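*Asks:* the following comprises the amino acid sequence and a computationally predicted model.
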Amino acid sequence: MKPLETPAQAGAILSFDFDGTLHDPAGKPPVSQRFFDTIQRLRREKGAIWGINTGRSIGHVAEGLADCRFPFVPDWVVAREREIWLPTASGRWTPLASWNNQCEQEQHAFFNEIQHILDAIRKEVEEHTGATWIEQPGDPAGLVARTVEEMAWIIGRVESLAANEPYLGWQRNSIWLRFGHKKYQKGSSLAEVARHFGLTREQTFAIGDSHNDFEMLSPEAAAMFACPSNAVPEIRQHVTSQGGHACLLDHSYGCVEALEHFFGTGE
């Protein structure tokens, strides 16, 4: 897979969450052909630069693209909600080193400073829930709950224990949670992608379905934002209250609906 031909002039940034938004595991196919047709049309008409903004690692993103048989790769990927990756002409992924290195350096120093808070959270979680604490390269602190209800209880305790640390953030997607620096999340990463391509917030579109999409589904990150019909209630309420578009259709069909809402049908 290779990226689409570079537009003569970039005119818009399109940001898609992957799991639950663009990708429907029960769909046949998981991503509709109409979505790819719409991306190609917006490339021609608007100079659209499109990408995936996800909690997946870049390796997991590449697997997802292959499994879904994407006809072309995105122009950019935000992986782990913070790492920016760009494709070569042959479709090989390379890091945006300036951003990624800064992110990892600041996050590593920050985690050292707040280790006592993370230790307290871990102790609370392991003593009172059946959730599993996760430490691995690239994700030094996170957890997986057994149920959504258990995760809701954990979030309440995390908010209490982290109340005095304004820069400790966490990204939640269903029963998964990843801790990090509040400076680096889907919204700030999307803003950096737009800056890299010489575009602005007014030219940025974003769509997502879950809790880790809050930051990119806001007027600060994107002037145009939406959620598919299968979005969690908190995201749907957030999108509608902030003036975004709540779709009637789900997954990639909702993505097309949102794109046509903001950019027109081209007919």
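*Replies:* Cool, the structure landed.

*Asks:* pLDDT weak spots in the stretch 101-250 of the chain?
*Replies:* Within the stretch 101-250 of the chain, the segments meeting pLDDT under 70 span 138.

*Asks:* okay, helices next: where are they in it?
*Replies:* 115-128, 148-161, 186-196, 233-241 (DSSP state H, counting those that start in this stretch).

*Asks:* residues contacting the first one, please?
*Replies:* Contacting residues not belonging to helix 115-128 are listed as 111, 131, 133, 141, 143, 154, 157-158, 161-162, 165, 168, 179 [CB atoms under 8 Å, 6 or more residues apart in numbering]. Every C-beta, even on glycine, is put in place using the N, C-alpha and C of the backbone.

*Asks:* just flag the most distant two among those residues.
*Replies:* Within these, two members stand farthest from each other by CB to CB: 131 and 165, at 20.6 Å.

*Asks:* out of the two, which sits in the more crowded spot?
*Replies:* residue 131 (20 against 15; other CB atoms under 10 Å).

*Asks:* spit out the contact partners of that one.
*Replies:* Per CB under 8 Å, 6+ apart, neighbours of residue 131: 125, 143, 144, 145, 146, 150, 151, 154.

*Asks:* next one: residue 203
*Replies:* The contact partners of residue 203, by CB under 8 Å, 6+ apart, come to 11, 12, 13, 194, 223.

*Asks:* let's have those residues in a markdown table, adding distance to residue 82.
*Replies:* As requested, the contacts of residue 203 are exported to a markdown table (distance: CB to CB, whole Å):
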| residue | distance to residue 82 |
| --- | --- |
| 11 | 26 |
| 12 | 22 |
| 13 | 17 |
| 194 | 15 |
| 223 | 22 |
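
*Asks:* for those residues, could you give me JSON lines that also reports distance to residue 50 and neighbour count?
*Replies:* As requested, these are exported to JSON lines (distance: CB to CB, whole Å; neighbours: other CB atoms under 10 Å):
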{"residue": "11", "distance to residue 50": "12", "neighbour count": "17"}
{"residue": "12", "distance to residue 50": "9", "neighbour count": "24"}
{"residue": "13", "distance to residue 50": "8", "neighbour count": "27"}
{"residue": "194", "distance to residue 50": "12", "neighbour count": "23"}
{"residue": "223", "distance to residue 50": "16", "neighbour count": "16"}
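
*Asks:* between those, which is closest to residue 235?
*Replies:* Minimum distance to residue 235 across the contacts of residue 203 is 18.0 Å, recorded for residue 223 (CB to CB).

*Asks:* about what we covered before: I'd like the helices of the stretch 101-250 of the chain laid out as CSV, including distance to residue 261.
*Replies:* Formatted as CSV, the helices of the stretch 101-250 of the chain follow (distance: least, CB to CB, whole Å):
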stretch, distance to residue 261
helix 115-128, 40
helix 148-161, 29
helix 186-196, 19
helix 233-241, 12
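
*Asks:* for those helices, which one ends up most surrounded?
*Replies:* helix 186-196 (a mean of 21; mean count of other CB atoms under 10 Å).

*Asks:* helices or strands up against that helix?
*Replies:* Using 3 or more CB pairs under 8 Å, 6 or more residues apart in numbering; DSSP states H and E, the elements in contact with helix 186-196 are strand 12-16, strand 48-53, strand 76-79, strand 83-87, strand 204-207.
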